[in-house]
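> just to be clear, the model below is a prediction. Sequence and coordinates:
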Amino acid sequence: MPVINSIAALEAEMAGWRRHLHAHPELGLACHETAQFVVERLRAAGITEIHQGIATSGVVAIIEGRAPGRTIGLRADMDALPMEDLSGTPHASTVPGCAHACGHDGHTTMLLGAAQYLARTRNFAGRVALIFQPAEEAEGGGRIMVEEGIMERFDIAEVYGLHNTPGLEEGTFHTNSGTLLAGVDEFTIVVRGVGGHGATPQETSDPVLCAAAMVMALQSIVARNVNALDRLVLSVTQIHTGTTSNIIPDKAHVNGTVRYFEPEVQEVVRARMADLVTFQAKSFGMGAELDYEVGYPPTVNHAAQAAFAAEVAREVVGADKVDADTPPITPGEDFAYMLQARPGAYLFVGQGDTPGCHHPAYDFNDRIAPVGASFFARLIERALPLDRG
């Protein structure tokens, strides 16, 4: 079964929704206008059970099928990124310093398209919980929605989500039956020395030199403390220090990110980083503090649900356009919290040859919206079949 005809017929309307959202992005938990737009579309589709204000601006809407049954959750994220929109499109962001450069406008649109179809046909036994989530990029809106009890409140049995992926063939699906995305932690190191004149470094304790050595030493964790078969990324992304060329500062700040797939690897990194920061600073005669912030856990699909989702994807786009054994990648995703709370699966849908996510020239490919919407719709009809007997 290919893309559902009635959803394909919505392509132009869905593109209009998506471009409106793209032009009016919002950040973090404060996706109030986006949520209101979503609610208006849901009400226009005849959906009456709509719950607002979850995780500040999140929305959960319920569609009842034609018979009793389980509740399946479908999730889309709504927030944008704090960056400029350089896409050059007529629907480019109207909000300075804010852009839908990751395609969450498209994810929201795909779920709205599926909602229109499911609300009209109701060709399933059970309920659909449409989850429109804020703050995927920042505060972890997925975690907050789970902590606020959406799984229990709406009796959600399983949960599924999609993310567009530039560089993958347009309209293809990619997933696996285990860890799909990395856990994401962040760290800040403050090195404290003694400042002074740049012409007399012997009278100082130079935190710049210590910070530089520390950056190099941190890479020994990847090279020498973790099994070569275990995947780990440790990237120092910021060094902030000093005010001018002839003054040695009294402190330096070092920031970065850690990406891992196994909890044991995370623990090794935290322990070794704490030792390296402490003793590297001591070797230079100064002190240092490490603030290691645990972030999103790895996104781990449940095997049975991932296999089922791949079957549904094959129905929509054909077996040759579905990779059910794709290798994991190192970005993170707060859908991980929903998969910790309930069985389910996360999939990538190919965006085609476009600028990458988080690139200022990125724009969502509207042609894949009916593909994602059809996947969501067929997943519900397959997971919650009506008794034909």
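Perfect, I can see it now.
> okay, buried residues for stretch 44-52 please.
45, 47 (16 or more other Cβ atoms under 10 Å). The C-beta positions use only the backbone N, C-alpha and C, and glycine is treated the same way.
> pretty sure residue 366 sits against residue 106.
Yes: shown here, residue 366 and residue 106 form a contact pair, counting by Cβ atoms under 8 Å, at 7.5 Å.
> who has more neighbours, those two?
The residue with the greater number of neighbours, taking residue 366 and residue 106 and applying other Cβ atoms under 10 Å, is residue 106; the counts read 29 against 19.
> please name the nearest non-neighbouring residue to the more buried one.
Nearest in space to residue 106, with sequence neighbours left out and distances taken as Cβ to Cβ, 6 or more residues apart in numbering, is residue 364 at 3.5 Å.
> what about that neighbour, how many residues nearby?
28.
> and the gap between it and residue 74?
18 Å (Cβ to Cβ, to the nearest Å).
> so who does residue 287 touch?
Contacts for residue 287 were tallied using Cβ atoms under 8 Å, 6 or more residues apart in numbering; they are 191-192, 281.
> kindly apply the preceding question to residue 122 instead.
63-66.
> swap the cut-off to 10 Å and go again
By Cβ atoms under 10 Å, 6 or more residues apart in numbering, the contact set of residue 122 is 46, 63-67, 128, 380, 386.
> what's it sitting at in phi/psi?
Backbone torsions for residue 122, taken as degrees, to the nearest 10, come to phi 50, psi 40.
> quick check: bridge partners of residue 299?
Per DSSP bridges, residues listed as beta-bridge partners of residue 299: residue 181.
> from residue 39, how far out is it?
Taken as Cβ to Cβ, the spacing of residue 299 relative to residue 39 amounts to 28 Å.
> shared neighbours, residue 366 and residue 106?
For the pair residue 366 and residue 106, residues contacting each of them under the criterion Cβ under 10 Å, 6+ apart are 14-15, 17-18, 22.
> please identify which pair of those lies farthest apart.
The most widely separated members of the shared contacts of residue 366 and residue 106 are 14 and 22, with 12.3 Å between them, by Cβ to Cβ.
> so residue 171 touches residue 165, yeah?
No: contact between residue 171 and residue 165 fails when scored by Cβ atoms under 10 Å: they sit 11.3 Å apart.
> residue 18: helix or strand, and which one exactly?
According to DSSP states H and E, residue 18 maps onto helix 11-23.
> what's the mean pLDDT across that helix?
For helix 11-23, the mean pLDDT works out to 98.
> show me what that helix is packed up against.
helix 32-44, helix 104-121, helix 369-383 (3 or more Cβ pairs under 10 Å, 6 or more residues apart in numbering; DSSP states H and E).
> redo the ones you listed as CSV? Include distance to residue 53 and mean pLDDT.
Compiled in CSV, the helices and strands packed on helix 11-23 are given as follows (distance: least, Cβ to Cβ, whole Å; pLDDT from 0 to 100):
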stretch, distance to residue 53, mean pLDDT
helix 32-44, 9, 98
helix 104-121, 17, 98
helix 369-383, 24, 98
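> from residue 208, how far out is residue 243?
When residue 243 is compared with residue 208 (using Cβ to Cβ), they lie 12 Å apart.
> got the phi and psi for the residue sitting nearest the centre point of the chain?
Closest to where the C-alpha atoms of the chain average out (Cα atoms, centre = their mean) is residue 333, at 3.2 Å. When quoted as degrees, to the nearest 10, the phi and psi of residue 333 stand at phi -160, psi 130.
> check contacts around it.
For residue 333, the residues meeting the contact criterion (Cβ under 10 Å, 6+ apart) are 77, 136, 142, 161, 163, 180-182, 184, 296-299, 339, 346.
> please redo it, this time with the cut-off set to 8 Å
With contacts defined as Cβ under 8 Å, 6+ apart, residue 333 is in contact with 136, 163, 181, 296, 299, 346.
> check residue 178 and give its pLDDT.
Spelled out, the predicted local distance difference test score at residue 178 is 98.
> could I get the phi/psi values of it?
In terms of degrees, to the nearest 10, the main-chain angles of residue 178 are phi -150, psi -130.
> same question, residue 190
Here is the backbone geometry of residue 190 (degrees, to the nearest 10): phi -110, psi 120.
> which residue is the nearest non-sequential neighbour of it?
The spatially closest residue to residue 190, leaving aside those adjacent along the chain, is residue 289, at 5.0 Å (Cβ to Cβ, 6+ apart).
> and that neighbour, helix, strand or coil?
Three-state assignment for residue 289 (DSSP: H, G, I helix; E, B strand; the rest coil): strand.
> and it, how many neighbours?
Using other Cβ under 10 Å, residue 289 has 12 neighbouring residues.
> so who does it touch?
Taking Cβ under 8 Å, 6+ apart as the definition of contact, the neighbours of residue 289 are 189-190, 192, 277.
> cool, residue 2 as well?
Residues in contact with residue 2 (Cβ under 8 Å, 6+ apart) are 316-318, 374.
> equivalent analysis for residue 368, please.
Residues near residue 368 by Cβ under 8 Å, 6+ apart: 106, 164, 170-171, 349-352.
> could you break the protein into its assigned domains?
For the chain, the structural domains run 5-180+298-383, 183-293, going by automatic domain parsing.
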